[in-house]
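> sequence unknown, structure follows:
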């Protein structure tokens with residue numbers, strides 16, 4: 001239940017007899033500090049937290065999750081105390097010299113996700129980023145995503161008809177989620193080379209899954225032969241990289 005008072009003060013009350021966790025907690029947020037009373041906690045029933053940061057004179061405000069790019073980076077002798085020791089370039093422990101991206105507010109409105117204009121000079125090399133807009137990864141969070149090079153025929157052209165070599169898999173170097181249904185996977189690969197790769201989605205299961213088939217004695221000489229003939233192969237969905245990048249139609 002949310003409450004809003006005439007003075008502008010807001011309050012949120014949450015009560016549930018069905019919640020398996022026992023909580024008796026009161027939180028008060030002020031302009032400079034936050035007070036939390038936890039009646040269930042064995043030793044620290046009352047906690048007081050600072051709210052926000054004290055910006056030194058000459059500093060520039062910055063988001064909590066990234067660094068201020070408007071101030072030149074510090075020297076090699078960066079202080080780990082950050083702004084407390086006079087380093088105005090970063091929050092909280094000094095600017096990193098190898099930041100990956102610039103402030104999202106400076107991205108050109110017409111730029112694609114992962115465009116070079118989103119990167120800093122120290123991260124000039126481009127990475128392939130594949131973005132999925134689907135509830136698949138929310139419903140099946142264990143799904144594996146990786147790249148596999150497409151085979152080439154005798155003339156050197158890409159061969160999308162034959163099964164690729166799954167031993168040459170390349171897994172993501174980073175991944176994340178923008179919204180519940182928008183999940184991205186980044187690969188240490190030139191985006192232009194993505195047109196030569198299969199994007200593979202593989203189902204993962206606990207344990208082994210077996211086919212309900214009969215294996216004749218003449219085909220199975222030992223337990224390893226039986227396992228090879230009856231264990232289900234991984235279920236995979238393969239997407240052509242040249243189609244996924246939007247340049248080619250099947």
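Sure, I can see it. Just so it is clear, the model here is predicted, and its values are computed rather than measured. Residues are numbered from 1 along each chain as shown.
> show me where this structure has helices.
Along the chain, counting by DSSP state H, helices occupy 136-139, 223-230, 241-244.
> among these, which gets the worst mean confidence?
Mean pLDDT values for the helices of the chain show the minimum at helix 223-230, a mean of 69.
> please name the nearest non-neighbouring residue to residue 111.
residue 117 (5.3 Å; C-beta to C-beta, 6 or more residues apart in numbering). In short, each C-beta sits where N, CA and C put it, glycine included.
> tell me the contacts of the one you found?
By C-beta atoms under 8 Å, 6 or more residues apart in numbering, the contact list for residue 117 reads 107, 108, 111.
> so which of these is the most crowded?
Most neighbours among those, by other C-beta atoms under 10 Å: residue 107, with 15 neighbours.
> count of residues packed around the residue nearest to that one when sequence neighbours are not counted?
In space, and not counting its chain neighbours, residue 107 is closest to residue 118: 5.5 Å by C-beta to C-beta, 6+ apart. Per other C-beta under 10 Å, the neighbour tally for residue 118 reads 19.
> residue 186 versus residue 118, what's the distance?
12 Å (C-beta to C-beta, to the nearest Å).
> now swap in residue 193 and tell me
Taken as C-beta to C-beta, the span from residue 193 to residue 186 is 14 Å.
> more crowded one of these two?
residue 186 (16 against 13).
> ok, and the closest non-adjacent residue to that one?
residue 174 (4.4 Å).
> before we move on, what about residue 1?
Distances taken as C-beta to C-beta, 6+ apart place residue 13 nearest to residue 1, at 4.6 Å, with adjacent residues excluded.
> so who does that neighbour touch?
Residue 13 touches 1, 2, 3, counting by C-beta under 8 Å, 6+ apart.
> what's the weakest-modelled helix or strand in this protein?
Every helix and strand of the chain was ranked by mean pLDDT, DSSP states H and E. The lowest is helix 223-230, at a mean of 69.
> so residue 171 makes contact with residue 146?
Yes: applying C-beta atoms under 8 Å as the test, residue 171 and residue 146 come out as touching, 4.8 Å apart.
> between the two, who's got more neighbours?
With neighbours defined as other C-beta under 10 Å, residue 171 and residue 146 compare such that residue 146 has more, 19 against 12.
> for the more buried one, list each beta-bridge partner.
Note on residue 146: beta-bridge partners by DSSP bridges are residue 200.
> and it, how far is that from residue 169?
5 Å.
> list residues touching both of these two?
Contacts common to residue 146 and residue 169, judged by C-beta under 8 Å, 6+ apart, are residue 200.
> how's this protein carved up into domains?
1-52, 56-107, 126-244 (automatic domain parsing).
> could you list the low-pLDDT ranges of the chain?
50-101, 103, 114, 121-126, 205-220, 226-233, 246-250 (pLDDT under 70).
> tell me where it has strands.
Per DSSP state E, the chain carries strands over the ranges 2-4, 10-12, 25-29, 33-38, 46-50, 128-133, 144-149, 151-152, 158-159, 174-179, 182-187, 197-202, 236-240.
> nearest to residue 18, of these?
Among the strands of the chain, the nearest to residue 18 by C-beta to C-beta is strand 25-29 (17.1 Å).
> quick one: the closest one to strand 46-50, angle?
30 degrees (axes from the mean of the first three to the mean of the last three C-alpha atoms, to 10 degrees).
> how about residues contacting strand 25-29?
By C-beta under 8 Å, 6+ apart, strand 25-29 touches 34, 35, 36, 37, 38, 39, 40, 51.
> please tell me I have it right and the fourth one contacts residue 45.
If I follow you right, that is residue 37. Yes: counting by C-beta under 8 Å, residue 37 touches residue 45, with 6.4 Å between them.
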